[in-house]
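> Fold the following for me, if possible:
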Amino acid sequence: MVLLGGEHPARDYDCAVSDAIRLADALPGDEDAIVALYAELDAFYGAASPEGSAAERVSRVRTALFGDPAAGRALLAWDGSVLAGFAGYQFIWPSSALTVSLYLKELYVTSAYRRSGAGRRLMDRLLEIARERGCTRIEWTADTANSGARSFYDSLGAAPLTSKLFYRVTLPEG
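Below is the predicted model:
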């Protein structure tokens, strides 16, 4: 279980699925909770061990979310002081007709909270955020072998885009 970092009085979102789960934008102080959640995510995807010390990972989160400029944003799902889930996203441009889209890089709900409504709440809030920002769409990828994620996305009415391929170049650290 992942414990609460900072408090979120001004940025909480009231969504209707589960009263126990509270959504909030990541704030300084949440880094340790995010790093702990990512340790479970790494294990879920079969990563041997997290790269870097806990302090280095916390620093990476702090730089990515709160640096100038920030590399991304995070929406967190809390159950009291327990971090139940995470959505990491960015706005990207250009999209079709020179519009903006929201790109969901990572959606993860801890094993203890799967099927609790946390994932749906995160996705519903991302849809609201995208509409508020004038985005024309939300895009993401899913591992082809992750049938649970694919079923979840299907239940949202999303369809896989078979006309595109996902490419990656891994850069050396340094």
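> Please enumerate the helices of this protein.
For the chain, the helices defined by DSSP state H occupy 31-44, 54-66, 118-132, 147-155.
> what's the closest of the ones you listed to I138?
Across the helices of the chain, I138 has its closest neighbour in helix 118-132 (5.3 Å, C-beta to C-beta). Glycine gets a C-beta too; all of them are placed from N, C-alpha and C.
> what's the residue closest to the geometric middle of this structure?
Nearest to the geometric centre of the chain sits A87, at 1.5 Å (C-alpha atoms, centre = their mean).
> Now that we're looking at that residue, what pLDDT does it have?
Reading off the confidence values, A87 has pLDDT 98.
> isn't it right next to L104, touching?
Yes. Counting by C-beta atoms under 8 Å, A87 sits close enough to L104 to count as a contact (6.3 Å).
> anything in contact with each of those two?
L126 (C-beta atoms under 8 Å, 6 or more residues apart in numbering).
> Would you mind giving the helices of the chain as TSV with mean neighbour count, distance to W140 and mean pLDDT added?
Shown next, in TSV, are the helices of the chain (neighbours: other C-beta atoms under 10 Å; distance: least, C-beta to C-beta, whole Å; pLDDT from 0 to 100):
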stretch	mean neighbour count	distance to W140	mean pLDDT
helix 31-44	19	15	93
helix 54-66	16	18	95
helix 118-132	19	9	97
helix 147-155	14	8	93
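> With distance to A77 added, can I get those in CSV?
Shown next, in CSV, are the helices of the chain (distance: least, C-beta to C-beta, whole Å):
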stretch, distance to A77
helix 31-44, 10
helix 54-66, 16
helix 118-132, 4
helix 147-155, 14
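> The ones you listed: which one's closest to S81?
The nearest among the helices of the chain, by C-beta to C-beta, is helix 31-44 at 8.8 Å.
> Need the residues that contact the closest one.
Residues outside helix 31-44 that contact it (C-beta under 8 Å, 6+ apart): 2-5, 26, 49-50, 54, 57-58, 61-62, 65, 74, 76, 83, 85-86, 106, 108, 110-111.
> roughly how far out does that helix sit from the chain middle?
Helix 31-44 sits 12 Å away from the centroid of its parent chain (C-alpha atoms, centre = their mean, to the nearest Å).
> ok, now how distant is L165 from Y38?
Distance, L165 to Y38, using C-beta to C-beta, to the nearest Å: 27 Å.
> again but with G29, I slipped
Counting by C-beta to C-beta, the gap from G29 to Y38 is 16 Å.
> does the residue lying closest to G72 once chain neighbours are set aside have beta-bridge partners, and which?
Among residues not flanking G72 along the chain, Q90 sits closest, at 4.8 Å (C-beta to C-beta, 6 or more residues apart in numbering). Applying DSSP bridges to Q90 gives these bridge partners: Y103.
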